[in-house]
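Undergrad: Fold the stuff below for me.
(one chain, ligands or ions: 2)
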Amino acid sequence: MANQGLIPVVVNGAAGKMGREVIKAVAEAPDMNLVGAIDTSPEHQNKDAGELAGLSEPLEVPITNQMEPMLAFAAQEREPGVVVDFTHPDSVYDNIRSAIAYGVRPVVGTTGLSPEQIQDLADFADKASTGCLIIPNFSIGMVLLQQAAIAASQYFDHVEIIELHHNQKADAPSGTAIKTAQMLGELGKTYNQAIVNETEKIPGARGSQADEGIRIHSIRLPGLIAHQEVIFGSPGEIYTLRHDTSDRTCYMPGVLLAIRKVLQLKSLVYGLEKII
Ligand SMILES: NC(=O)C1=CN([C@@H]2O[C@H](COP(=O)(O)OP(=O)(O)OC[C@H]3O[C@@H](n4cnc5c(N)ncnc54)[C@H](OP(=O)(O)O)[C@@H]3O)[C@@H](O)[C@H]2O)C=CC1
Ligand SMILES: O=C(O)C1=N[C@H](C(=O)O)C[C@H](O)C1
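TA: Ligands and ions are numbered 1, 2, ... in the order given. From the prediction side, this is the model:
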């Protein structure tokens, strides 16, 4: 029983930018065993997940587009299984429901879920007494930025968020920007009281309006990876917090932590700050 005691992990979105990083990180983790790799992209079917991720040796785990049989397989492992999801905003809700239904714990990085969908999934996970983690950003630097923003919000009544991403990103604003605005909104303040009647000469010029009057501006350009600024203003001063991602490996310590933590949970938890 070589794999006894190891956490069985399935990666959904295995051929994508994040999925490939997760395959490498799981393969190198001493307490985990990659048991499945799912991806719907036709050109990657049956390819070895390890070779696709750039490992020197194959992992003998072929990419499949068959999610339900893979979840059923993971559910039969001796140890409780985890599915890591980095797929697409359009499919993530159904993916999570299926995983919980099979008793496989979801660790979700895919963004684009609405607050109503997250609440619905929390109810479903509660009923099933199954752990589920939804983490819009796995990097430690972003948790620190959000904590600094919460501290600053005590002293500033005006704040806007700019998020900048590569132009292959499907959803806007980013899940991270939405979560940052939610965290600031939960502090019981209303920000950005208008002092003039504003007119948008081109719709969208002032960005989207998130929680408690916080504006989010989304930029999409080739050459970017993932970046966020939270800009506070008060008369005579500007305080800017900025986080830059230069390599997707920055998310991997958070992903591995979440895989370990989700096994201890019996309900849904939203945000890396709640488990570190
Ligand atoms: N939480 C975090 O820290 C981070 C979150 N993200 C989020 O993760 C998600 C994925 O990002 P990224 O890896 O850059 O995206 P990619 O497009 O590079 O990868 C997604 C992969 O999933 C495949 N896919 C799409 N739909 C499905 C499905 N229903 N089932 C299985 N596979 C599917 C895609 O195939 P095809 O190309 O054929 O569509 C692709 O291979 C995004 O929502 C992004 O915002 C990204 C970085 C960090
Ligand atoms: O699509 C991305 O790349 C990223 N998506 C996440 C988000 O929407 O916040 C996390 C990070 O910003 C990278």
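
Undergrad: Mind listing residues that contact the one helix or strand H243 maps to?
TA: In this structure, H243 is located in strand 237-245 according to DSSP states H and E. For strand 237-245, contacts defined as Cβ atoms under 8 Å, 6 or more residues apart in numbering pick out 139, 141-142, 145, 148-149, 152, 156, 225-233. No exception for glycine: its C-beta is placed from N, CA and C like everyone else's.

Undergrad: Spatially nearest residue to the residue sitting nearest the centre point of the chain (excluding sequence neighbours)?
TA: Nearest to the mean C-alpha position of the chain, by Cα atoms, centre = their mean, lies G109 at 2.6 Å. Once flanking residues are discounted, G109 sits nearest to F86: 4.8 Å by Cβ to Cβ, 6 or more residues apart in numbering.

Undergrad: what sits against the one you found?
TA: Per Cβ under 8 Å, 6+ apart, neighbours of F86: V11, N12, G13, G16, M18, G19, V22, G109, T110.

Undergrad: Select only the buried ones of these in PyMOL?
TA: Restricted to buried positions by 16 or more other Cβ atoms under 10 Å, the PyMOL selection for these reads:
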select buried, resi 11+12+13+16+18+19+22+109+110
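
Undergrad: Among the contacts of F86, which lie within helices?
TA: M18, G19, V22 (DSSP state H).

Undergrad: And the closest residue to the first one other than its chain neighbours, what's its pLDDT?
TA: So the one you mean is M18. Excluding the flanking residues, the one nearest M18 by Cβ to Cβ, 6+ apart is F86, at 3.7 Å. pLDDT recorded at F86 is 98.

Undergrad: Do you have the helices of this structure handy? List them.
TA: 17-28, 49-52, 67-75, 92-102, 115-128, 140-153, 175-185, 252-262.
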